[in-house]
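**Student:** Test case, fold it:
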Amino acid sequence: MNYLVDTHVFLWAELSPKKISKKVKDILLNEESTKYVSTMTFWEISLKFSLGKIDIKGILPDKLPAIAKDTGFEILNLDAQTASTFYQLPKIKNKDPFDRILAWQAIREDCFLLTHDKELAGYKDYGLRVIW
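**Tutor:** Okay, here's the model as predicted:
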């Protein structure tokens, strides 16, 4: 199985694992599953860090890709086809562009999205599979 973590799940996995559901913890600890962090997650964290909207406990955003790899995540790049077809994902309740591109990547890459964001559930009708 393939899993893509939402930005908050990635940060919680690295900094506050107690916030993660048991189901998601079990997935993250399962060595047989493939767990991805999107490059869009790193961009979102870097952007929010530069704006002073996020504190990642003394870690600089440019260290996060190495931390992700060291803790068992693979990096999922945003490919040109996924980026260029993003318009096909309708705007529903959640209009956050970072959430929406992660949902689209999960759909296109046939991954389950690990997220606590209930607003993303509306994309189930478009092929998104969510686990929390």
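**Student:** Break down this structure into its strands, ranges please.
**Tutor:** For the chain, the strands defined by DSSP state E cover 2-5, 34-38, 74-76, 112-114, 129-131.
**Student:** contacting residues around Thr82?
**Tutor:** Going by C-beta atoms under 8 Å, 6 or more residues apart in numbering, Thr82 touches 104-105, 108-109. (Glycine included, C-beta is placed from N, CA and C.)
**Student:** Those in helices, which ones?
**Tutor:** 104-105, 108 (DSSP state H).
**Student:** picking up where we left off before, minimum distance to Phe86: which of the strands of the chain has it?
**Tutor:** Closest approach to Phe86 among the strands of the chain (C-beta to C-beta): strand 34-38, 12.8 Å.
**Student:** which residues sit against the closest one?
**Tutor:** 1-5, 10, 27-28, 65, 68, 72-78, 101-102, 105, 109, 111.
**Student:** Show me which residues of that strand are buried.
**Tutor:** Buried residues in strand 34-38, counted by 16 or more other C-beta atoms under 10 Å: 35-38.
**Student:** wait, what's in contact with the closest residue to Tyr36 other than its chain neighbours?
**Tutor:** Nearest non-adjacent residue to Tyr36, counting by C-beta to C-beta, 6 or more residues apart in numbering: Leu76, 4.0 Å away. By C-beta under 8 Å, 6+ apart, Leu76 lies in contact with 4, 36-39, 105, 109, 111.
**Student:** Can you lay out these as JSON lines showing pLDDT and distance to Gln88?
**Tutor:** Output for these, formatted as JSON lines (pLDDT from 0 to 100; distance: C-beta to C-beta, whole Å):
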{"residue": "Leu4", "pLDDT": "98", "distance to Gln88": "18"}
{"residue": "Tyr36", "pLDDT": "98", "distance to Gln88": "21"}
{"residue": "Val37", "pLDDT": "98", "distance to Gln88": "23"}
{"residue": "Ser38", "pLDDT": "98", "distance to Gln88": "18"}
{"residue": "Thr39", "pLDDT": "98", "distance to Gln88": "20"}
{"residue": "Gln105", "pLDDT": "98", "distance to Gln88": "13"}
{"residue": "Glu109", "pLDDT": "97", "distance to Gln88": "15"}
{"residue": "Cys111", "pLDDT": "98", "distance to Gln88": "17"}
